[in-house]
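Colleague: Structure for this input, please:
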Amino acid sequence: MARKRSASKGKKINPHFWVFCEGKTEEAYIASLRSKYCIPIDIVSKMVGNKITDRFIREYKRGKPIHKKDKDFLIYDADVPETLARLRALKLLS
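Modeller: I've put the predicted structure just below:
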């Protein structure tokens, strides 16, 4: 007697993490998390420095597979007033 197949529930989509950071230490920390927990993280560092903008984030992710569950993270030193003001002005992460 043949088995009946159960209905497919569909493929579960896990979120992808986009991390924008400014330096080597932040990049090393995120890389260690990525390898320890085997999670999909894209690290974008040193390309922009403190000049992160909504436009840069949109342009960087253009043409890459994106899902609504994806998360964006910014890892910057907030002790520099100009950097903190620029981070607060971002609309994509609000």
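Colleague: now H16: how far from K68?
Modeller: 11 Å (CB to CB, to the nearest Å). Backbone N, C-alpha and C define where each C-beta goes, glycine included.
Colleague: Compare these two and say which is more crowded by neighbours.
Modeller: The residue with more neighbours, out of H16 and K68, is H16; 18 against 6, by other CB atoms under 10 Å.
Colleague: buried sites along the helix or strand that contains K36?
Modeller: Element membership of K36, judged by DSSP states H and E, is helix 24-37. Residues of helix 24-37 classed as buried by neighbour count (16 or more other CB atoms under 10 Å): 26-27, 30, 34.
Colleague: same thing with stretch 76-85?
Modeller: Neighbour count says stretch 76-85 has 76, 83 buried, by 16+ other CB under 10 Å.
Colleague: from the chain's centre, how far out does it sit?
Modeller: 19 Å (CA atoms, centre = their mean, to the nearest Å).
Colleague: Check the separation of the first and last residues in that stretch.
Modeller: 12 Å (CA to CA, to the nearest Å).
Colleague: Could you report the distance from the spatially most central residue of the chain to D42?
Modeller: Of all residues in the chain, the one closest to the mean position by CA atoms, centre = their mean is W18, 1.0 Å from it. Distance, W18 to D42, using CB to CB: 5 Å.
Colleague: Now do the shared contacts for the two.
Modeller: Counting by CB atoms under 8 Å, 6 or more residues apart in numbering, W18 and D42 have no common neighbour.
Colleague: isn't I75 right next to L33, touching?
Modeller: No. Using CB atoms under 8 Å, I75 is not in contact with L33, being 10.9 Å away.
Colleague: neighbours around L74, how many?
Modeller: With other CB under 10 Å as criterion, L74 counts 20.
Colleague: That one reaches N50, doesn't it?
Modeller: No. Contact between L74 and N50 fails when scored by CB under 8 Å: they sit 11.0 Å apart.
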